[in-house]
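>>> Show me how the following folds:
(chains A and B)
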Amino acid sequence: MGLKERQEELVRALVAGGADPAGCTNVAAARDQLLHKRAGEAGRAWPMLRASLGPNWYRDFSAWAANRPTLGSYRDGLEFARTLTLTGAALAEFEQRTRPPARRWFARPAR
Amino acid sequence: MSILRGLGIGWRPEIAGFIAGLETLGFTEVIAESIHRELPPPLAALRDKGVPVIPHGVKLSLGGADPVDPDRVEHFANAAAVTRAPLVSEHIAFVRAAGMEAGHLLPLPRTREAVDAVVANVTTVQSTLDVPLALEPIAALVEWPDDELTEAQFLTEILDRTGALLLLDIANVYANALNRNEDPHALLHAIPWDRVAYVHVAGGEMVDGLYHDTHVHPVPDEAYKMLRETRPTAVMLERDGRYPPAGQLRAELDAIAEAAWG
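Here you go, the predicted structure:
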């Protein structure tokens, strides 16, 4: 197997639910480390969402994120939030960020 | 190699005020991908005071089997220009494959094919820079089977073929040695020290029998021992979160300086 295939196999095992590459050590530990880092980053991008889950943030986010490659911490939090019943500050954070922008009635300056 | 001298710390927005108050800051480093057209004002102030600011890339994926992304290369070169950096740095690692982001630095198998991939990408990046590039070996939990080269051979081959400098992370050497049941001092002595531009040090923790290079825990005693042994000209602390009170962070910097030059 060439380098390209080996790299793809490892990334797939770490973030997309692929089988562990034969002979590689500590793949499960690396997968947990990546999920933990990713949960921390998503939590920083979505502080109220994170707070709403309290001590379960890492567990619940990781369960959702495992096998889903990241599209960045903002998108991670957004898509994860869509799977939850939000209330209070977490709901306000979500609505504020997903509300369509106000229409601008003034004309754009002429070039 | 003494482009840099003294004690540094990685610049992060959360500790900008703390860093601005350090009287004896030798240099600092900023994540290259976080730099836009202009530097954040506190970082620009350091640069304008003459503190070297080193862009440190984390997403170029220099070890990727695919050619490095031209947009990322251009951004990296722009980061070097806006910081007026005397050198720049990146990792010997890959971070994505087949369109999937790993979200972290991943190790390369130590094969000749991997050396060729790194050399090709590094050469591309170097052609856009007018300052030296330093390469950092990473801490990795995953180990590939069937390596063709030792770590020292792998590193030396890449440095010789690219002319790149080395950014040596003492904590990474410690982490890898611990996790492979090897002697960290043996690798330390196999390092081509004449190529070392500067040294990183950071904290970590043990999780289920493996050492994780977290950058959010205190620097381990063994890393101080390695600093005492190697006495690098330029060394900096990487701290990426769970920031301790200023007094404690300052004490950690003092301890690093004491270990390196005391």
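
>>> For chain B, give me its nearest residue in chain A.
Nearest residue of chain A to chain B: residue A:23, at 3.1 Å (C-beta to the nearest C-beta). Just so you know, the C-beta spots here come from the backbone N, C-alpha and C atoms, and that holds for glycine as well.

>>> contacting residues for that residue?
For residue A:23, the contact set (C-beta atoms under 8 Å, 6 or more residues apart in numbering or on different chains) comprises B:144, B:145, B:146.

>>> near chain A, which residues of the stretch 1-150 of chain B show up?
B:64-66, B:94, B:96-98, B:100-104, B:106, B:108-109, B:111, B:113-114, B:117, B:140-146 (C-beta under 8 Å from any C-beta of the partner chain).

>>> Looking at these, which are in strands?
Among those, the members falling in strands (DSSP state E) are B:94, B:96, B:97, B:100, B:101, B:102, B:103, B:104, B:106.

>>> tell me the pLDDT at the closest residue to the last one other than its chain neighbours?
When you say that, I think you mean residue B:106. The shortest distance from residue B:106 to any non-neighbouring residue, by C-beta to C-beta, 6 or more residues apart in numbering or on different chains, is to residue B:94 (5.4 Å). Residue B:94 carries a pLDDT value of 98.

>>> What segments of chain A are helices?
Along chain A, counting by DSSP state H, helices occupy A:3-15, A:27-45, A:47-53, A:57-65, A:73-82, A:88-98.

>>> Distance of residue B:31 relative to residue B:162?
22 Å (C-beta to C-beta, to the nearest Å).

>>> Looking at these two, which is more packed in?
Remark: of residue B:31 and residue B:162, residue B:162 carries more neighbours, 20 against 16, as counted by other C-beta atoms under 10 Å in any protein chain shown.

>>> Count the neighbours of the residue in the stretch 151-262 of chain B positioned nearest to chain A for me.
Taking C-beta to the nearest C-beta, chain A has its nearest neighbour within the stretch 151-262 of chain B at residue B:210, 5.5 Å off. Neighbour count of residue B:210, defined by other C-beta under 10 Å: 18.

>>> now swap in residue B:262 and tell me
For residue B:262, the number of neighbouring residues by other C-beta under 10 Å comes to 11.

>>> same question, residue B:241
Residue B:241: 12 surrounding residues under other C-beta under 10 Å.

>>> Skipping its backbone neighbours, what lies nearest it in space?
Once flanking residues are discounted, residue B:241 sits nearest to residue B:216: 4.5 Å by C-beta to C-beta, 6+ apart.

>>> Hmm, residue B:203 and the one you found touching each other?
Yes - at 6.9 Å, residue B:216 and residue B:203 qualify as touching, with contact defined as C-beta atoms under 8 Å.

>>> At which residues are the strands of the stretch 101-250 of chain B located?
Taking DSSP state E, counting those that start in this stretch to define them, one finds strands in the stretch 101-250 of chain B at B:133-137, B:165-169, B:196-202, B:205-207, B:210-212, B:234-238.

>>> Look up how far residue A:83 lies from the spatially most central residue of chain A.
Compute the mean C-alpha point of chain A, and by C-alpha atoms, centre = their mean the closest residue is residue A:76, 2.4 Å away. Using C-beta to C-beta, one gets 12 Å for the distance from residue A:76 to residue A:83.

>>> which residue packs closest to residue A:46, ignoring adjacent ones?
residue A:77 (3.5 Å).

>>> residues touching the one you found, list them.
Residue A:77 makes contact with A:42, A:43, A:45, A:46, A:49, according to C-beta under 8 Å, 6+ apart.

>>> circling back to that earlier point, same list (the strands of the stretch 101-250 of chain B) but as TSV, adding mean pLDDT and distance to residue B:88.
Listed next are the strands of the stretch 101-250 of chain B as TSV, based on pLDDT from 0 to 100; distance: least, C-beta to C-beta, whole Å:
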stretch	mean pLDDT	distance to residue B:88
strand B:133-137	98	6
strand B:165-169	97	10
strand B:196-202	98	10
strand B:205-207	94	30
strand B:210-212	94	27
strand B:234-238	98	14
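
>>> Kindly reformat these as JSON lines containing distance to residue B:75.
Formatted as JSON lines, the strands of the stretch 101-250 of chain B follow (distance: least, C-beta to C-beta, whole Å):
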{"stretch": "strand B:133-137", "distance to residue B:75": "15"}
{"stretch": "strand B:165-169", "distance to residue B:75": "19"}
{"stretch": "strand B:196-202", "distance to residue B:75": "21"}
{"stretch": "strand B:205-207", "distance to residue B:75": "33"}
{"stretch": "strand B:210-212", "distance to residue B:75": "29"}
{"stretch": "strand B:234-238", "distance to residue B:75": "21"}
